[in-house]
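1. sequence first, predicted model second:
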Amino acid sequence: MAKGVEDMFVLRLPLDCAQRVREAIKSDSIGERLQLEFYGDMRHAHVRFDDEVTSGVLVDLPCVVEAHKTLDKKTAYKTADISQMLVCGGGEEGEAPGTMEDLPLAKRRELLRKFMWQHGMTPPLKNVRKRRFRKTAVKKIVDSPEIEKEVRRLLREDYSAVSVSYKVVTDEDRQDDVQSLLSEADTSLSQVQSS
């Protein structure tokens, strides 16, 4: 990471809790009242504000958002690239989830897909992943033994050929050939019509 750039994420709380956090930030008493506790998988957390505990999931945003700070309200300095959001809601969950290393590869991919947030940060960007981003192409599996056999057969035929000749065709030659074919078609058509 670049020097001087901070690690940040967006904290999305339920509306009633968000209002109280906003007031605490304005009164500059947020430090003692807000606590974040992440589990070992670094995707699940508990957010404690005063006596209220909410569980949260750290999700990946569809695109990177830049965070800026200003000292004089004229010049803004970039401080971070934000690509994750901690979405909180509900009550306290009983047990911590296990680590992803314990899971098979297919299950890990499924969980990573689960942690991809489908929406942007504002209402117009709802379902932005589906509406704006192209789906990744599926790789086609090619049966290589059949292709290798066909290539060997073509090389054998080429090797056993008695003589090889080639002709270089330019664009003008190709246009002349097309014109001659059209004129032949016209003459044959006129002969069919006259008879």
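-> Sure, I can see it. Since this is a predicted model, take the numbers as computed values, not measurements.

2. return the distance of the longest helix anywhere in the chain from the chain's centre.
-> Ranked by number of residues, the top helix in the chain under DSSP state H is helix 171-194. Offset of helix 171-194 from its chain centre (CA atoms, centre = their mean, to the nearest Å): 53 Å.

3. could you number the chain from 480 rather than 1 from now on?
-> Got it, the first residue is 480 from now on, which makes the last one we talked about helix 650-673.

4. mind checking the pLDDT average for it?
-> Confidence for helix 650-673, expressed as mean pLDDT, is 72.

5. neighbouring contacts of whatever helix or strand residue 524 lives in?
-> For residue 524, the host element (DSSP states H and E) is strand 523-528. Identification of contacts with strand 523-528 by CB atoms under 8 Å, 6 or more residues apart in numbering yields 490, 492, 496, 499-500, 503, 512-518, 532-537, 565, 567, 571-572, 575-576. Every residue, glycine included, has its C-beta placed from N, CA and C.

6. which residues of the chain fall in helices?
-> Applying DSSP H to the chain gives helices spanning 494-505, 509-512, 584-593, 607-611, 623-638, 650-673.

7. tabulate those helices (TSV), appending mean neighbour count and distance to residue 549.
-> Putting the helices of the chain into TSV (neighbours: other CB atoms under 10 Å; distance: least, CB to CB, whole Å) gives the following:
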stretch	mean neighbour count	distance to residue 549
helix 494-505	12	17
helix 509-512	11	20
helix 584-593	10	36
helix 607-611	13	28
helix 623-638	9	59
helix 650-673	10	61
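
8. now render the ones you listed as CSV, adding distance to residue 542.
-> Converted to CSV, those look like this (distance: least, CB to CB, whole Å):
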stretch, distance to residue 542
helix 494-505, 23
helix 509-512, 28
helix 584-593, 17
helix 607-611, 8
helix 623-638, 38
helix 650-673, 45
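
9. for the protein, which strand is longest?
-> Assignment by DSSP state E gives strand 531-549 as the longest strand of the chain.

10. could you list the alpha-carbon positions for that strand in PDB?
-> The C-alpha coordinates for strand 531-549 follow below in PDB (Å, rounded to 0.1, in the frame of the first residue of the first chain):
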ATOM      1  CA  GLU A 531     -26.300  -2.200  21.900                       C
ATOM      2  CA  VAL A 532     -24.600  -5.100  20.000                       C
ATOM      3  CA  THR A 533     -25.200  -5.700  16.300                       C
ATOM      4  CA  SER A 534     -23.600  -8.300  14.100                       C
ATOM      5  CA  GLY A 535     -22.000  -7.400  10.800                       C
ATOM      6  CA  VAL A 536     -20.500  -8.800   7.600                       C
ATOM      7  CA  LEU A 537     -17.600  -7.300   5.700                       C
ATOM      8  CA  VAL A 538     -18.600  -7.300   2.000                       C
ATOM      9  CA  ASP A 539     -16.700  -6.200  -1.100                       C
ATOM     10  CA  LEU A 540     -18.100  -3.200  -3.000                       C
ATOM     11  CA  PRO A 541     -18.600  -3.400  -6.800                       C
ATOM     12  CA  CYS A 542     -15.900  -0.700  -7.400                       C
ATOM     13  CA  VAL A 543     -13.400   1.300  -5.500                       C
ATOM     14  CA  VAL A 544     -14.500   4.600  -3.800                       C
ATOM     15  CA  GLU A 545     -11.900   7.200  -2.900                       C
ATOM     16  CA  ALA A 546     -11.900   8.900   0.500                       C
ATOM     17  CA  HIS A 547     -10.600  12.500   0.800                       C
ATOM     18  CA  LYS A 548      -9.700  14.800   3.700                       C
ATOM     19  CA  THR A 549      -9.500  18.600   3.700                       C
END
